[in-house]
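J.: Here's my sequence, what's the structure:
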Amino acid sequence: MVSTIVVQLKLTPSPEQAAALEATLHTVNEQANRVSRIAHSEGAHRNYALRKLVYADVRAAGVGSQAAQHVVKKVADAYTTFKANLKAGNYGKPGSKRRKRVEEKPIVFRSDAAQPYDQRNLSFCVDARTISLWTVRGRLKDVPFACSPDAAKALGEHKRGESDLLYRDGVWFLSVTLTVPDDEEYDPEGFLGVDLGIVNIATTSDGRVMAGRKLNRYRGRQQRLRQKLQAKGTTSAKRVLKRQRRRESRVAKDANHCISKRIVAEAERTSRGIALEDLSGIRQRVRLRKPQRVTLHSWAFAQLGSFIVYKARRAGVPVVFVDPAYTSQTCSWCDHREKGNRISQDSFVCRSCGVVAHADRNASRNIAHRGGVVWNAGRKSHVPPGS
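T.: Prediction:
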């Protein structure tokens, strides 16, 4: 088994190199918008069909052969995502005004939207910390980049896949996809249950609470700042809003990385697997008041779960997902389920056996128990009949 990780490099080009990169992004995205208009008018959304219509014209505009194929593929992928969003109802119900408005227009790419590269038009010199890549002004050599020692080590040791050239807030980046082999998955000696939440970001069945007070206070300050800037509505206020949004996302991502690393390390140290709640569709299922909805929708449930999964796979730690229903109302000691057991955000008191526990710790113990049941059920399903 292998995992795919993304390493981000910060490019530090000279003014001449930066001008060539800027011209390249402008050209390929201009062509992507032209291809998108043709795809929309002709109804040709698949890569091969679209390439037959537009490839020659994209090449004639000065785009290299490999880059031209990436332009066409980028447009085709965008329409695939667009159709998936339509099917999921993210643009409204069929026949709604919003959906009609979206369907009537072709997809538009920003002039600085990311452009994919592969091994044919991008090469690395990891020791010298430089790259060489295609641009509309010819091959650009010896473009310096900076990254962490761990990222440089991974870049040199693992197979490199597709990369994306990005321009964000005046800085050039290259996101490189790496294929990393996973450790062999071991047979777990029990499961570490993890209850995910908003007040306490993660609580394990061992009783370890990873509180989100600091992060929640920061997000509260950011929310109040957004409200002030949105009310102001000036150009400079919108610019600050964009910068603050990215900053908050980076802070939350760093917190999720740290939490997931600690959870996986604890499971690996004790030779256990990890049991997580299946929280898919939680935003549609949960009914909350407006202030609570803001907090719920701004918290990266899926991101933390995906971080735990990919770090666990690399370490060979088994991960299972369980049904989260009633984990907060069920006693993990006697299995008595009652809504009144959960008396507050933090407190759980069983009406049957009288046990008193932290509510999130109780829920995480239930998740751990269900993880063992799911694992054993899956293992039994692979046993040949009659064994």
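J.: Output the lowest mean pLDDT helix or strand found in this protein.
T.: When the helices and strands of the chain are compared on mean pLDDT, DSSP states H and E, helix 282-285 comes out lowest with a mean of 49.
J.: Tell me which stretches of the stretch 201-350 of the chain form strands.
T.: Under the criterion DSSP state E, counting those that start in this stretch, the stretch 201-350 of the chain contains strands at 209-211, 273-277, 319-322, 347-349.
J.: With respect to residue 253, which of these lies nearest?
T.: strand 209-211 (15.2 Å; CB to CB). In this view, the C-beta of every residue, glycine as well, is placed from N, C-alpha and C.
J.: Return the set of buried residues in that closest one.
T.: Of the residues in strand 209-211, 209, 210 count as buried by neighbour count, 16 or more other CB atoms under 10 Å.
J.: returning to that earlier point: winner for burial among the strands of the stretch 201-350 of the chain?
T.: Across the strands of the stretch 201-350 of the chain, the average number of neighbours (mean count of other CB atoms under 10 Å) peaks for strand 273-277, which reaches a mean of 26.
J.: The strand or helix carrying residue 371 packs against which elements?
T.: Assessed by DSSP states H and E, residue 371 sits inside helix 359-381. When contacts are defined as 3 or more CB pairs under 8 Å, 6 or more residues apart in numbering; DSSP states H and E, helix 359-381 sits against strand 191-196, strand 200-204, strand 273-277, strand 319-322, strand 347-349.
J.: May I have that helix exported as CSV, CA atoms only?
T.: Taking Å, rounded to 0.1, in the frame of the first residue of the first chain, the C-alpha atoms of helix 359-381 are listed here in CSV:
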residue,chain,number,x,y,z
ALA,A,359,-19.0,13.2,28.6
ASP,A,360,-16.4,13.2,25.8
ARG,A,361,-14.4,10.5,27.6
ASN,A,362,-17.5,8.3,27.8
ALA,A,363,-18.3,8.8,24.1
SER,A,364,-14.7,8.0,23.1
ARG,A,365,-14.9,4.7,25.1
ASN,A,366,-18.1,3.8,23.2
ILE,A,367,-16.3,4.6,20.0
ALA,A,368,-13.4,2.3,21.0
HIS,A,369,-15.8,-0.5,21.8
ARG,A,370,-17.6,-0.1,18.4
GLY,A,371,-14.2,0.0,16.7
GLY,A,372,-13.4,-3.5,18.0
VAL,A,373,-16.8,-4.8,16.9
VAL,A,374,-16.3,-3.4,13.4
TRP,A,375,-12.7,-4.8,13.1
ASN,A,376,-13.7,-8.3,14.2
ALA,A,377,-16.8,-8.3,11.9
GLY,A,378,-14.5,-7.4,9.0
ARG,A,379,-12.0,-10.0,9.9
LYS,A,380,-14.7,-12.7,10.1
SER,A,381,-16.1,-11.7,6.7
